[in-house]
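1. Sequence plus predicted model, see below.
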There are 12 protein chains.
Amino acid sequence: MSNHVYKIVRLAGSSPDGVEKAIENALSKASESLRNIRWFTVEETRGQVDDGKIAHYQVVLSVGFTLE
Amino acid sequence: MSNHVYKIVRLAGSSPDGVEKAIENALSKASESLRNIRWFTVEETRGQVDDGKIAHYQVVLSVGFTLE
Amino acid sequence: MSNHVYKIVRLAGSSPDGVEKAIENALSKASESLRNIRWFTVEETRGQVDDGKIAHYQVVLSVGFTLE
Amino acid sequence: MSNHVYKIVRLAGSSPDGVEKAIENALSKASESLRNIRWFTVEETRGQVDDGKIAHYQVVLSVGFTLE
Amino acid sequence: MSNHVYKIVRLAGSSPDGVEKAIENALSKASESLRNIRWFTVEETRGQVDDGKIAHYQVVLSVGFTLE
Amino acid sequence: MSNHVYKIVRLAGSSPDGVEKAIENALSKASESLRNIRWFTVEETRGQVDDGKIAHYQVVLSVGFTLE
Amino acid sequence: MSNHVYKIVRLAGSSPDGVEKAIENALSKASESLRNIRWFTVEETRGQVDDGKIAHYQVVLSVGFTLE
Amino acid sequence: MSNHVYKIVRLAGSSPDGVEKAIENALSKASESLRNIRWFTVEETRGQVDDGKIAHYQVVLSVGFTLE
Amino acid sequence: MSNHVYKIVRLAGSSPDGVEKAIENALSKASESLRNIRWFTVEETRGQVDDGKIAHYQVVLSVGFTLE
Amino acid sequence: MSNHVYKIVRLAGSSPDGVEKAIENALSKASESLRNIRWFTVEETRGQVDDGKIAHYQVVLSVGFTLE
Amino acid sequence: MSNHVYKIVRLAGSSPDGVEKAIENALSKASESLRNIRWFTVEETRGQVDDGKIAHYQVVLSVGFTLE
Amino acid sequence: MSNHVYKIVRLAGSSPDGVEKAIENALSKASESLRNIRWFTVEETRGQVDDGKIAHYQVVLSVGFTLE
């Protein structure tokens, strides 16, 4: 964070393929509408379980981007 | 949270008629501009007092909706 | 918070001139696009250091504004 | 909170008739000795159970009032 | 909590009819298998939204009962 | 925590004779039904007061034991 | 904190002139009725915004004083 | 907490003789002015060190008493 | 969480092969005795180190399952 | 904390003989390498259990000392 | 934080002249022994009061520096 | 934690290749100067984003090692 003003939004993403893939899915969707994403923080990590197996990993992210 | 990406926003609503009515007021106002609200979490519950009586109940909500 | 519904967003601002100037910079940038800002809360205070001196103070704010 | 100084005290109230009635009971008792109560925040919500049924709802409040 | 030892479990209950009904549903289900429930604490309050309306209120409780 | 899976339960114990005795009472009662308790964490320390004197010290513990 | 017993109260003060002035205003008002204030902790920093400008900085303090 | 309203105050006490003696000192001083103290919670435990040895144990308590 | 009542338990699992494998080990062991596991939350992530290398990743989970 | 700058380190100590002895063991070891320890705060209290009995009490401390 | 490893230490500084001067005093003292300080976070803000006036502002900082 | 005294330090590491690689990088750098590292806890997980893609994963760890 240098001389800019940033906005921070919260996003939840998911993936059957692991925590990092869930993070990437959330960021990929967010970058369709938000230019200039600069950082993220993982606020929560969780998942859904079906029949004793992990169906989806889920993450809640805080995502910061530059206000232009 | 299945396969979608959600955005989570924070809203504050109020009502003279109780906590649940304050929640409903916040969600009702939010649904004017946000389609696909899916869940809420109550982050804070408070109120204003006038003359020893509760003038408004107030709630701060986190509200999640699907990014399309 | 009387009878309105508010939205609360998170912003990060910075300034080489101190904490209060960093708050003002964030609010000034936010008011370009948000009408009706009503309050802020300082969530974090930090800074960057170069060569043993504070280069920028940085604040993370929650900012509440009326939904019209 | 405009130009005044406020004191904030913590109170616990209870009622067999629900959360909001427990809040009202605490505020009603407090207003016997505190003039100028202006707001409250619900810090905890709990209850006692007898024979599988809720005997009392209980709330812990922070209550702010103007120092004259 | 006098001279006994208590166990504390976490339960989540829900109801379309409000927060207090969701608490009661959780306690009612729990009392089928747990005798001697003595107190509860509300840890989280949330809900599901369908079509802009609250479909279910949901609560997460910590529930204490005497170990015999 | 080496290669095992542990379950963690919360217990509340008390004693008129001090904090450590309250911890021991909770663990002693728990070990009647739980084999293989391995560690505890003190989550809360409190007490009841009668006539200006401490009637019981009370502790809330998280207790971990090996799932066999 | 040496050999004494202290009481800790919470106060909220405000000032249009900055965070430190808001702290001073709260302590100045408190010292009218509390002798022997010894320390304070800043629990929250926030403010009110009018027309895109900070109308008041506001602080919530915990204030400790010696019980004589 | 049955049918009463309680007030909760914060106190800090100390003793060179251990944590429990610091709790007792705080409660003993408080009971000079507060009748009907009913419970306490230990919020913080700390101490001062002189010359590598503990000079005083110190506790911060929340203390609840019945409002008559 | 729709119309059911859930119980939430805490489990700690570990694996030398990474965080996700530690989660899976905890869920796999839990599903031997718990039917109807529906979700998990990662509360803590840690590990043991031997000779400068990670011997085990360890996770603490909250695990929710339907009470039938 | 008067006019000095302090450094704060975290230490974990243990003892089979109780919480206060675990605190003393951590401080005694620390004072071998740190001069001018001035205060400590107890961040966590826990223990290990063998065969249903407490094998070691364990504390995690924050310890402050003057930077000369 | 790009490709480096950082160490984060906690420091407490003070000044009679305000919060920012207390931060500067802590960083100035730290930079005598730590090269490559890169950022700080304000963890606590407090002060000492003598005779109703602020004698010292005090801050607790987390300070990050590059491990070379 | 058996009979030893441990020191706990905070480290931040990063890697373009994922969370676990960032943990390993921090531990690998730390073990150049710290013998006897015994455990770590992940305090924060975050990352930097360039052009809509994750440039670095970043972790903040608490790392415990035996004081000899």
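-> Everything's here; your move. Numbering: from 1, shown residues only, chains lettered A, B, ... in the order given.
2. quick check, stretch A:57-68 touching chain B?
-> Yes - Stretch A:57-68 is in contact with chain B by CB under 8 Å from any CB of the partner chain, via A:58, A:60. From N, CA and C alone the C-beta is placed, and that goes for glycine too.
3. Who does the host helix or strand of A:G64 pair with, and is each partner parallel or antiparallel?
-> If you go by DSSP states H and E, A:G64 is part of strand A:53-66. Partners of strand A:53-66 in the sheet, by DSSP bridges, are strand A:6-15 (antiparallel), strand A:37-50 (antiparallel).
4. if I look at A:G64, how far off is A:L11?
-> Distance, A:G64 to A:L11, by CB to CB, to the nearest Å: 11 Å.
5. er, A:T45 I mean
-> Relative to A:L11, and taking CB to CB, A:T45 is found at 14 Å.
6. A:A30 now?
-> 6 Å.
7. ok, back up a step: looking at the strands paired with strand A:53-66, which is buried most?
-> Highest mean neighbour count among these (mean count of other CB atoms under 10 Å in any protein chain shown): strand A:6-15, with a mean of 22.
8. does A:E32 sit in a helix or strand, and which one?
-> Following DSSP H and E, one finds A:E32 outside all helices and strands.
9. Quick check: phi and psi on it?
-> phi -70, psi -30 (degrees, to the nearest 10).
10. Would you mark the buried spots in stretch A:27-37?
-> Buried residues in stretch A:27-37, counted by 16 or more other CB atoms under 10 Å in any protein chain shown: A:27, A:29-31, A:34, A:36-37.
11. buried stuff in the strand holding A:G64?
-> Neighbour count says strand A:53-66 has A:54-65 buried, by 16+ other CB under 10 Å.
12. Which of those residues sits closest to I:S15?
-> Of all the buried residues of strand A:53-66, A:I54 has the smallest distance to I:S15: 13.8 Å, by CB to CB.
13. wait, that closest one sits on I:N25?
-> No - taking contacts as CB atoms under 8 Å, A:I54 lies outside contact range of I:N25: 11.6 Å.
14. Most widely separated two among the buried residues of stretch A:27-37?
-> Across the buried residues of stretch A:27-37 (CB to CB), the longest gap, 15.7 Å, separates A:K29 and A:N36.
15. Give me the three-state assignment for A:E20.
-> Following DSSP: H, G, I helix; E, B strand; the rest coil, the label given to A:E20 is helix.
16. per-residue confidence for it?
-> In this model, A:E20 is scored at 97, pLDDT.
17. Count the residues that sit near it.
-> 20 (other CB atoms under 10 Å in any protein chain shown).
18. So it sits against L:V19, correct?
-> Yes - between A:E20 and L:V19 there is a contact at 6.6 Å, judged by CB under 8 Å.
19. what do those two both touch?
-> L:Y57 (CB atoms under 8 Å, 6 or more residues apart in numbering or on different chains).
20. For the nearest residue to A:Q58 once chain neighbours are set aside, give its distance to chain E.
-> Nearest non-adjacent residue to A:Q58, counting by CB to CB, 6 or more residues apart in numbering or on different chains: A:S14, 4.4 Å away. Distance from A:S14 to chain E, counting by CB to the nearest CB, to the nearest Å: 17 Å.
21. Show me what residue of chain A gets nearest to chain G.
-> In chain A, no residue comes nearer to chain G than A:V5, which is 13.8 Å away by CB to the nearest CB.
22. check contacts around the nearest residue to that residue once chain neighbours are set aside.
-> Computed as CB to CB, 6+ apart, the closest residue to A:V5 that is not its neighbour in sequence is C:K29, at 3.9 Å. Shown in contact with C:K29 (CB under 8 Å, 6+ apart): A:5, A:67, C:11, C:13.
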